[in-house]
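Peer 1: structural data only, the sequence is not supplied:
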């Protein structure tokens, strides 16, 4: 079931490399470099050093006793990626790719960002590794995540607001790809999710697999067995694939939670796997939200980081092979979980991660007290307090 | 032989090179698209490249992005595109090449999409995000329908890869002249001229070489043809002209501009 390094980047029929010819030499160069360094002793040592000393790994696996009691059911553990430097799991990948870019002698780094977390993590990695970074961000996202725009600038990165299309993550990726085509010889594209042409989905997964590997060893210490269930939110799907991949051959039920927005029967959601169909976007074959003619649809989520009409190809594979269950959680339920975790545990989760928390709360009720759920808390919610405050003032019913 | 291959042979016998002009289906609207194609042909266009707009045109610069966006807003879709092609086919006899993105073809189903556009009058396809590694099924279907699959190459494409691409391409091979998206507005640098010479040499006359992306005027067209290209491809420059010209004067201006470009393909 585990596809360690699938031939031509194909997870079953998904993935692959659908790209303009100009980028072919660039992704081939990247693949060569990745294959050369991924098992290289010096590279791994240097990455381990930065993950430990700079980013703060390993992250705790915290038993959320109060929340578990409040819900009543399985024990809920939180994998605290929110405690990492920068406040999200994104730094695992940016340090890895940043070190790779350095070995490839690329000095100019470009990236896309949705909520701004990957942009911030890119800016941080680049600042510490001595690289120049420029981040593309949908204009709509720059407005709802102003603080992260300022953080990126503080960290020395240029931020380019993208006013094309829907002005969200998808358009930021389009614009980053256009920049890459134009500056292909000098520039390294540091993709933040497990999407894009091969080898990005494999590479990003491998850099994020530290999450699942730690969960596995920590659970074996704490509970003497692998978790009964794991839950992670899925936008592009990097924290989820990093959580799931090391557990694929374990006896663990896995759940990927997408953004249900106003509900997946409406036009306002980002639940690609729950409600999408197969197509080709951003260099990969995967599930997409598209109309009957193949035009990519507008998406919605209260969490900017989940607001994306595609998904990593390995998730499409795991869905069709039924190894992982994918479901959606609405804006309302995510907000509720955001409030509950804040109140009961003193932990303010990112709105993206709140989707996973909401799903775990439902799941826990159906499980026994001896069973365990691990929720990957992919990021912290400081960036979201303004959005939540606004949402609450507009939706009084949510003060339940 | 296909209509595209016939056209190149015909031009060769007249000692001419090819002028390929682009129109975006549904921009500024369906009726104007038909007029635009007629004006281009009147101005001497040898082949028409017809764009079917996609929501996420990642190989395109701002001009085609904007035209795509507006055409989609006005409701352009596959069904309307097929009707439009049928109407255009009644008016003109030059080869029609469809340029769009892989998802529109894939999501419709390669067989259904390609046989439908073939019946409507399309002679060849260009998909800028279809790499040769992913093209097996696509190629089978294109060939089954006796159409041409036109693949792109770039200044950084290796000689070995150009050979592989030319082996599966038919009609012509499309060289992207610059590092960048469509519609670049700059002087061509030496690397572009080198890329044309190298590609021409590697193709060895087995298939014509078209050059596009950033060909904005007759002077640039002339330079490209003198360097060895068999065809010039002009797209964004026509869309820019449509955008900035008052509606009543658009068609006359298109024909005049097309004539200036066609002239560069005729040896004196």
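Peer 2: Sure, I can see it. Being a predicted model, the structure only gives us computed values, none of them experimental.
Peer 1: what lies in contact with stretch A:136-147?
Peer 2: A:110-116, A:119, A:149, A:159-163, A:166-173, A:175-176, A:179, A:304, A:307, A:382-383, A:386-387 (CB atoms under 8 Å, 6 or more residues apart in numbering or on different chains). From N, CA and C alone the C-beta is placed, and that goes for glycine too.
Peer 1: buried sites along it?
Peer 2: A:136-142, A:144-145 (16 or more other CB atoms under 10 Å in any protein chain shown).
Peer 1: about what we covered before: show me which of the contacts of stretch A:136-147 neighbour chain B.
Peer 2: Among these, the ones lying near chain B by CB under 8 Å from any CB of the partner chain are A:170-171.
Peer 1: which of the contacts of stretch A:136-147 fall within helices?
Peer 2: A:119, A:149, A:169-173, A:175-176, A:179, A:386-387 (DSSP state H).
Peer 1: can you redo those as JSON lines with neighbour count and pLDDT?
Peer 2: Shown next, in JSON lines, are the ones in helices among the contacts of stretch A:136-147 (neighbours: other CB atoms under 10 Å in any protein chain shown; pLDDT from 0 to 100):
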{"residue": "A:119", "neighbour count": "32", "pLDDT": "98"}
{"residue": "A:149", "neighbour count": "21", "pLDDT": "96"}
{"residue": "A:169", "neighbour count": "33", "pLDDT": "91"}
{"residue": "A:170", "neighbour count": "29", "pLDDT": "92"}
{"residue": "A:171", "neighbour count": "24", "pLDDT": "93"}
{"residue": "A:172", "neighbour count": "30", "pLDDT": "96"}
{"residue": "A:173", "neighbour count": "31", "pLDDT": "95"}
{"residue": "A:175", "neighbour count": "23", "pLDDT": "96"}
{"residue": "A:176", "neighbour count": "28", "pLDDT": "97"}
{"residue": "A:179", "neighbour count": "20", "pLDDT": "96"}
{"residue": "A:386", "neighbour count": "13", "pLDDT": "91"}
{"residue": "A:387", "neighbour count": "19", "pLDDT": "92"}
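Peer 1: out of those residues, which one sits closest to residue A:214?
Peer 2: Checking the ones in helices among the contacts of stretch A:136-147 against residue A:214 by CB to CB gives residue A:119 as the nearest, at 24.8 Å.
Peer 1: for that closest one, give its distance to residue B:20.
Peer 2: Here the criterion is CB to CB, to the nearest Å. By it, residue A:119 lies 40 Å from residue B:20.
Peer 1: which two of the buried residues of stretch A:136-147 have the greatest separation?
Peer 2: The widest separation within the buried residues of stretch A:136-147, taken as CB to CB, falls between A:136 and A:144 and amounts to 15.9 Å.
Peer 1: can you give me the helices for chain B?
Peer 2: Under DSSP H, chain B gives helices at B:3-13, B:30-42, B:62-73, B:78-91, B:102-108, B:110-120, B:136-144, B:159-168, B:190-203, B:218-227, B:236-244, B:250-263.
Peer 1: for the residue of the stretch 201-350 of chain A found nearest chain B, which non-adjacent residue is spatially closest?
Peer 2: Using CB to the nearest CB, the closest approach of the stretch 201-350 of chain A to chain B is made by residue A:294 at 3.5 Å. In this structure, residue A:294 finds its nearest non-sequential neighbour in residue B:107, 3.5 Å apart by CB to CB, 6 or more residues apart in numbering or on different chains.
Peer 1: just residue B:71 next, same as before
Peer 2: Using CB to CB, 6+ apart, the closest residue to residue B:71 is residue B:26 (3.5 Å).
Peer 1: try residue A:338
Peer 2: Nearest to residue A:338 is residue A:354, by CB to CB, 6+ apart, at 4.1 Å.
Peer 1: give the contact list for the closest residue to residue B:89 other than its chain neighbours.
Peer 2: Closest residue to residue B:89 apart from its sequence neighbours, by CB to CB, 6+ apart: residue B:121 at 3.2 Å. Residue B:121 makes contacts with B:85-86, B:88-89, B:96, as judged by CB under 8 Å, 6+ apart.
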